[in-house]
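> Next come a sequence and a model predicted from it.
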Amino acid sequence: MLLVFACGGSSPGAQSDHGSHAEKGGGSKGATAKESHQRVGGHASHDRARGAERGASYEDVGCDEALEGLAWCDSAAELAFCTGGEWWVLDCTHPDIDGDFCGDSGDTVDCYAASELD
């Protein structure tokens, strides 16, 4: 059985902001994510300084006040999100983040750790 917990989480209630299971690398990307209103989760926002700044436009999507918090899984390990007028890409597997993958729980995209139970 595989359970998914948001980075730093310690209980099933911490699986995501909405209590649902995250899909590894799931969700929409680029302009499609813009239309789906996917939002960055709290763990990725908190770990922004461990990511790489990509500028005001990424994947042909500008980062402005209207898109503040827009996010998507760029890959199974990387999360892209808009904040402060700049795009950031965060590697969820970075040792200081303590995550295993980027996941989408429906409308929240964040870094998650997977824990296997016997």
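Noted; the coordinates are in hand.
> Alpha carbons of the longest strand along the chain, in PDB - could you do that?
Counting residues, the longest strand found in the chain (DSSP state E) is strand 108-116. Extracted in PDB, the C-alpha atoms of strand 108-116 (Å, rounded to 0.1, in the frame of the first residue of the first chain):
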ATOM      1  CA  THR A 108      -3.200  22.000  -5.600                       C
ATOM      2  CA  VAL A 109       0.300  21.200  -6.900                       C
ATOM      3  CA  ASP A 110       3.000  20.600  -4.300                       C
ATOM      4  CA  CYS A 111       6.000  18.500  -3.400                       C
ATOM      5  CA  TYR A 112       5.100  15.200  -1.700                       C
ATOM      6  CA  ALA A 113       6.900  12.400   0.000                       C
ATOM      7  CA  ALA A 114       5.800   8.800  -0.500                       C
ATOM      8  CA  SER A 115       5.900   6.400   2.400                       C
ATOM      9  CA  GLU A 116       5.300   2.700   2.000                       C
END
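> From what I see, residue 25 and residue 78 are in contact.
No - between residue 25 and residue 78 there is no contact under CB atoms under 8 Å: 9.1 Å. Using the backbone N, CA and C atoms, a C-beta is placed for each residue, glycine as well.
> okay, and the common contacts of the two?
Listed as contacting both residue 25 and residue 78 by CB atoms under 8 Å, 6 or more residues apart in numbering are residue 102.
> Next, the contact list for residue 37, please.
By CB under 8 Å, 6+ apart, the residues touching residue 37 are 70, 107.
> and the gap between it and residue 72?
Taking CB to CB, to the nearest Å as the measure, residue 37 falls 11 Å from residue 72.
> quick one: pLDDT of the nearest residue to residue 110 once chain neighbours are set aside?
With CB to CB, 6 or more residues apart in numbering as the criterion, residue 110 has its nearest non-adjacent residue at 2.7 Å, and that residue is residue 41. We have a pLDDT of 92 for residue 41.
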